[in-house]
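Engineer: Just need the structure, nothing else, for what follows:
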Amino acid sequence: MKKLIIILSIVAFVVSCSTSKKTIEVNHKQVKDSVEYELIIFDVGFDTWFIMRDNESMKKSEEYYKFKNQLYVIEWNIRYHRGSSLYDCYIDYEPHIDYGFDFNYKLYMYFKYFEEKNKIKLLIH
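Structural biologist: Below is the predicted model of the structure:
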């Protein structure tokens, strides 16, 4: 009985640690012959920040956001592999996949939010 409690405690600890680190999640949904992608951001302040800055007249093209996201993801993943605590997950972003405008726009805006919140620049412009 004591061994069972210890094993369950260890499993619960590992599960709780592994789920708290993920910041960005990409969901793939199969719809008929196409795939839809959903970006889920677990950073508590992002949604409010995003709503305050979501301005239709300021939006650029999907190609712009896709290009910028490629650069941001490369830099993010480099910093993640260096072990910085700010970058607590690897972002699996494939440049050849068509994620759609909304996904690319929201991911780009997350990078902007992250820079503003942490007072850092991911990219040198």
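Engineer: could you say which helix or strand contains Asp92?
Structural biologist: Assessed by DSSP states H and E, Asp92 sits outside every helix and strand.
Engineer: Wait, Ile41 touches Tyr110, no?
Structural biologist: Yes. With contacts counted by C-beta atoms under 8 Å, Ile41 reaches Tyr110, the gap being 5.5 Å. Every residue, glycine included, has its C-beta placed from N, CA and C.
Engineer: Which one's more surrounded, these two?
Structural biologist: Using other C-beta atoms under 10 Å, the more surrounded residue of Ile41 and Tyr110 is Tyr110, with 21 against 18.
Engineer: that's a helix at Glu94, yeah?
Structural biologist: No. Applying DSSP: H, G, I helix; E, B strand; the rest coil, one finds Glu94 to be coil, outside a helix.
Engineer: Who does Val35 form a beta bridge with?
Structural biologist: Counting by DSSP bridges, Val35 forms beta bridges with Gln30.
Engineer: Mind naming the longest helix for this structure?
Structural biologist: helix 62-82 (DSSP state H).
Engineer: mind listing what's buried in that helix?
Structural biologist: By 16 or more other C-beta atoms under 10 Å, the buried positions in helix 62-82 come out as Glu62, Tyr65, Lys66, Lys68, Asn69, Tyr72, Val73, Glu75, Trp76, Asn77, Tyr80.
Engineer: ok, now stretch 118-125?
Structural biologist: By neighbour count on 16+ other C-beta under 10 Å, the buried set for stretch 118-125 is Leu122.
Engineer: All the helices of the chain, residue numbers only.
Structural biologist: 2-20, 46-53, 62-82, 101-118.
Engineer: so how far is the third one off the chain centroid?
Structural biologist: In this case it means helix 62-82. 11 Å (C-alpha atoms, centre = their mean, to the nearest Å).
Engineer: which secondary structure elements does it contact?
Structural biologist: In terms of contacts (3 or more C-beta pairs under 8 Å, 6 or more residues apart in numbering; DSSP states H and E), helix 62-82 is packed against helix 101-118.
Engineer: and of the buried residues of helix 62-82, the nearest to Lys121?
Structural biologist: Glu75 (9.5 Å; C-beta to C-beta).
Engineer: and that closest one, what does it touch?
Structural biologist: When contacts are counted by C-beta atoms under 8 Å, 6 or more residues apart in numbering, Glu75 is found next to Leu122, Leu123.
Engineer: With that, I have no additional questions.
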